[in-house]
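Engineer: starting from these lines, generate the structure:
(2 chains)
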Amino acid sequence: MAPPSTASGYFQESYDLRIAELAEERAQGKTIVGTFCLYVPDEIIFAAGADRIVLCGGRADTIAPAEQMLPRNICPLIKSSFGAILDSRAGGTASCPHVRLVDAVVAEATCDGKKKMYELLPEYVPTYVIDLPQKPGSPEAAAYFLAELRKFGKFMEDLTGNRIRPGDLQREIASANETRKLLHRLFARRKRDPPPIRGSEILRIMQRQFFLSPDRFRTGLRQLCEELDHASTPARTGPRILIAGCPMAAGNTKVADILEQKGAAIVVEESCTGTRAFWDLVDESTDPWTALAERYLRIPCACMTPNDDRIARILDLAKEYTVDGVVYYTLQFCHAYNIERLRVQKALKKEKIPMLAIESDYGDADAEQIGIRIDAFLEMVS
Amino acid sequence: MITAGIDAGAATTKVVLVRDGEIIGYRIAGTVFDFLTAAEKNYRELLDTTGIGRTDVAMVCATGYGKNAITFAGMGISEITAHARGVHHLFPGVRGIIDMGGQDSKIIVVEDGKVVDFLMNDKCAAGTGKFLEYTARALEVPISDLGNFALRSGNPSGISSMCTVFAESEVISLRARGVAKEDIAAGLIAGIAQRIAIMAKRVGLENNIAFVGGVAKNAGMRAALGKELGVALFVPPEPQITGALGAALAGQRWRQGNGALEIGINDE
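Structural biologist: I've put the predicted structure just below:
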């Protein structure tokens, strides 16, 4: 298996510096917003002269405070996100250090659990929700989302006191596209057999994508691509695995870690902490607002219906990255991804690509049981 | 060539000795607490009764929940692969395996002895030996008699709860209403059979199905599951040892140099 890259040291260092950097920016009067989801365009936030950080949602220790208020049988990501904010505002210790740095949370109407949780947030932190049409692909949906993004732009203008000019937006689109292209470059290197980098390392980098400043994130990516081009080929590893499913928010690396411990080579992730975060570029040749609306609505989240693009993308990735099997990962009680599993399974079966479904939470109680399934699956696809 | 397979299960430890593909002896004993102690003791006693020396055994292969604890094993495979190998050896035409053990249940789809898909239930006691143990206790019936009890029922009760804890209280309230033990036993078993059949259908099992694991010794469960699936099930004379048998066969195959599949547990 590939040894850890030296670029991961750079990402870690950037992470440590970032908190101080944001505190400094804030002291100088810059507006900072917290986000949770890929549907919130970075471009609009930056064009308004604000900065952003993704808020915590992958930690197990913030679930207990959340369960004092939320039902237990909702997904751990929602509970963990809410618990981090709740606890932070109460001055607790199980809190997310990021939330104290934000002037507002920019949320999005994706799944039911998140939508209803966001209704509880204004008591703790100013919250703005971007609405999403959930049947994308029609001109009406595109027009509606365009209007939503313009409204969000207005919100950011009011929050920061700055005006968003088309030129600002174009500049930020070009910047975000550059990051996306670099991620494509990085992911393309994982098509090699054996892959030059561990999937768990990529996951930890992807978890920081919306936390670090775009500049530092890109510097890290360039450094990493360079390093991988000169790395010696690691020894042959186990079966090549595609992980498809729910986001693995920072703090949640359980299934990726178990897969590697059992000898799998994770070569690509179809998730919010994988390809969904950067796959499509924003068209730079047209009106920036329209281009943003069009690109962001193409994110194939399971809250959309029907989500045919996601299934097609999984099949494409499985072929492009020559995978031996797919691990379909879902968070417990995530109805959207759990139900969509059947369609993905059927599509993969047709292509004779084996799939293992794993549904889990943030606890360690099922680590052994997941290990047994993974052992058997890796033997099956070897 | 002689090889040994050890299935370190959560409830019982199974050891099988195989000489050139033929079972020459097996032993089943409770795991109690310590996988390694149970496996070591069971293995030693089997060697003693069969008169085979430790050095005559070319490979010991471990499988089961506690496989990584069996430090004297030379290799290990997952229990899914082990059951598939073992059952394929006994019934080469089998396409699907239902394994109901002490703490979990598994559905395995096989093609020519190779696993092509599987499902496991190990988060809930329903569909496992544990469920039957608890409900037998609530009925005050020895676990070994539960199946035959169920077979005598003319009117199985509808048991709505498949949660072990709630099923136990449902049994108690049925008894309080004067429902015959036979009918309650049959109701419990039918409920479990239904649940397992749903799992089997989810992975597309239709016919040529083997039923193994400790619960396959329960005559009532064999009948109920067969009825639910609408087919006769292949049940080995000793349904509890197919995992250990598969492990022993994998050990033999590895020694013969055809074992690219296996992962040596001591390499990790």
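Engineer: my read: A:R59 touches A:Y362, true?
Structural biologist: Yes - taking C-beta atoms under 8 Å as the definition, A:R59 is a contact partner of A:Y362 at 7.2 Å. From N, CA and C alone the C-beta is placed, and that goes for glycine too.
Engineer: any common contacting residues for the two?
Structural biologist: Residues touching both A:R59 and A:Y362 (C-beta atoms under 8 Å, 6 or more residues apart in numbering or on different chains): A:S80, A:G251, A:N252.
Engineer: got TSV for those residues, with neighbour count and pLDDT too?
Structural biologist: Formatted as TSV, the shared contacts of A:R59 and A:Y362 follow (neighbours: other C-beta atoms under 10 Å in any protein chain shown; pLDDT from 0 to 100):
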residue	neighbour count	pLDDT
A:S80	28	95
A:G251	18	90
A:N252	25	94
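Engineer: mind checking which of these are in helices?
Structural biologist: A:S80 (DSSP state H).
Engineer: closest to B:P237 out of the shared contacts of A:R59 and A:Y362?
Structural biologist: A:N252 (46.8 Å; C-beta to C-beta).
Engineer: quick one: contacts for the closest one?
Structural biologist: A:G58, A:R59, A:Y362.
Engineer: got the phi and psi for the residue nearest to the spatial centre of chain B?
Structural biologist: Nearest to the mean C-alpha position of chain B, by C-alpha atoms, centre = their mean, lies B:G213 at 1.9 Å. Dihedral angles of B:G213 (phi, psi; degrees, to the nearest 10) stand at phi 100, psi 170.
Engineer: out of the contacts of A:N252, who's nearest A:T219?
Structural biologist: Nearest to A:T219 among the contacts of A:N252, with distances taken as C-beta to C-beta, is A:G58, at 24.4 Å.
Engineer: I'd say the closest one and A:A249 touch.
Structural biologist: Yes - with contact defined as C-beta under 8 Å, A:G58 reaches A:A249; the gap is 3.2 Å.
Engineer: give me the common contacts of those two.
Structural biologist: A:L77, A:S80, A:Q207.
Engineer: for chain B, list the residue farthest from the centre, please.
Structural biologist: B:R177 (34.7 Å).
Engineer: tell me where the stretch 1-150 of chain A has helices.
Structural biologist: Taking DSSP state H, counting those that start in this stretch to define them, one finds helices in the stretch 1-150 of chain A at A:7-27, A:42-47, A:63-67, A:76-89, A:112-118, A:139-160.
Engineer: list the buried residues in the fifth one.
Structural biologist: With burial defined by 16 or more other C-beta atoms under 10 Å in any protein chain shown, the residues of helix A:112-118 counted as buried are A:G113, A:K114, A:K115, A:M117, A:Y118.
Engineer: tabulate those (a markdown table), appending pLDDT.
Structural biologist: Shown next, in a markdown table, are those (pLDDT from 0 to 100):
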| residue | pLDDT |
| --- | --- |
| A:G113 | 97 |
| A:K114 | 97 |
| A:K115 | 97 |
| A:M117 | 97 |
| A:Y118 | 97 |
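Engineer: among the helices of the stretch 1-150 of chain A, which is nearest chain B?
Structural biologist: helix A:76-89 (15.3 Å; C-beta to the nearest C-beta).
Engineer: does anything pack onto the closest one? Which helices or strands?
Structural biologist: Other helices and strands packing on helix A:76-89, by 3 or more C-beta pairs under 8 Å, 6 or more residues apart in numbering or on different chains; DSSP states H and E, are helix A:63-67, helix A:112-118.
Engineer: could I get the ones you listed as a markdown table with distance to chain B?
Structural biologist: Below are these laid out as a markdown table (distance: least, C-beta to the nearest C-beta, whole Å):
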| stretch | distance to chain B |
| --- | --- |
| helix A:63-67 | 18 |
| helix A:112-118 | 21 |
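Engineer: give me the distance between B:G113 and chain A.
Structural biologist: Going from B:G113 to chain A by C-beta to the nearest C-beta, to the nearest Å gives 12 Å.
Engineer: count of neighbours near that residue?
Structural biologist: B:G113 is flanked by 16 other residues according to other C-beta atoms under 10 Å in any protein chain shown.
Engineer: OK, contacts around it?
Structural biologist: Contacts of B:G113 by C-beta under 8 Å, 6+ apart are B:A84, B:R85, B:H88, B:H89, B:P92.
Engineer: try it again with 6 Å
Structural biologist: B:H88 (C-beta atoms under 6 Å, 6 or more residues apart in numbering or on different chains).
Engineer: confidence score at the closest residue to chain A within chain B?
Structural biologist: In chain B, the residue that lies nearest chain A is B:I80 (3.5 Å; C-beta to the nearest C-beta). We have a pLDDT of 96 for B:I80.
Engineer: isn't there a helix covering it?
Structural biologist: Yes - checked against DSSP: H, G, I helix; E, B strand; the rest coil, B:I80 lies within a helix.
Engineer: residues near it, how many?
Structural biologist: 29.
Engineer: is it true that it touches B:F118?
Structural biologist: Yes - here B:I80 reaches B:F118: they are 5.1 Å apart, a contact under C-beta atoms under 6 Å.
Engineer: report the set of residues contacting both of the two.
Structural biologist: In contact with both B:I80 and B:F118: B:I108, using C-beta under 6 Å, 6+ apart.
Engineer: what parts of chain B come near chain A?
Structural biologist: B:S78, B:I80, B:T81, B:V115, B:D122, B:L261 (C-beta under 6 Å from any C-beta of the partner chain).
Engineer: output the below-cut-off pLDDT ranges for the chain.
Structural biologist: No chain was given, so I picked chain A. A:1, A:90-95, A:235-236 (pLDDT under 70).
Engineer: that's the other chain; I wanted chain B
Structural biologist: B:258-268.
Engineer: what residues go with each domain of it?
Structural biologist: B:1-91+B:241-268, B:93-235 (automatic domain parsing).
Engineer: tell me which element the closest residue to the residue of chain B closest to chain A other than its chain neighbours falls in.
Structural biologist: Nearest non-adjacent residue to B:I80, counting by C-beta to C-beta, 6 or more residues apart in numbering or on different chains: A:A376, 3.5 Å away. For A:A376, the host element (DSSP states H and E) is helix A:367-381.
Engineer: which positions within that helix qualify as buried?
Structural biologist: Buried, per 16+ other C-beta under 10 Å, within helix A:367-381: A:369-381.
Engineer: list just the nearest of those to A:L146.
Structural biologist: A:I370 (42.3 Å).
Engineer: what sits against that closest one?
Structural biologist: A:I258, A:I358.
Engineer: roughly how far does it sit from A:L356?
Structural biologist: The gap separating A:I370 from A:L356 is 10 Å, by C-beta to C-beta, to the nearest Å.
Engineer: now do the phi/psi pair for A:D103.
Structural biologist: phi -90, psi -30.
Engineer: nearest residue to it other than its sequence neighbours?
Structural biologist: Among residues not flanking A:D103 along the chain, A:T31 sits closest, at 5.1 Å (C-beta to C-beta, 6+ apart).
Engineer: and A:A347, how many neighbours?
Structural biologist: Neighbours of A:A347 (other C-beta under 10 Å): 18.
Engineer: same question but for B:Q256, I mixed them up
Structural biologist: 12.
Engineer: B:E45 too?
Structural biologist: 13.
Engineer: please identify the helix or strand for it.
Structural biologist: Short version, using DSSP H and E: B:E45 is in helix B:35-50.
Engineer: same question for A:R163.
Structural biologist: Counting by DSSP H and E, A:R163 is found in no helix or strand.
Engineer: without its sequence neighbours, what residue ends up closest to it?
Structural biologist: Using C-beta to C-beta, 6+ apart, the closest residue to A:R163 is A:E157 (5.9 Å).
Engineer: just checking, B:E79 touches B:L245?
Structural biologist: No - using C-beta under 6 Å, B:E79 makes no contact with B:L245, being 11.9 Å away.
Engineer: list the contacts of the closest residue to A:T62 other than its chain neighbours.
Structural biologist: The shortest distance from A:T62 to any non-neighbouring residue, by C-beta to C-beta, 6+ apart, is to A:G83 (3.3 Å). By C-beta under 6 Å, 6+ apart, the contact set of A:G83 is A:T62, A:I63, A:P65, A:A66.
Engineer: of those residues, closest to A:S175?
Structural biologist: A:T62 (31.8 Å).
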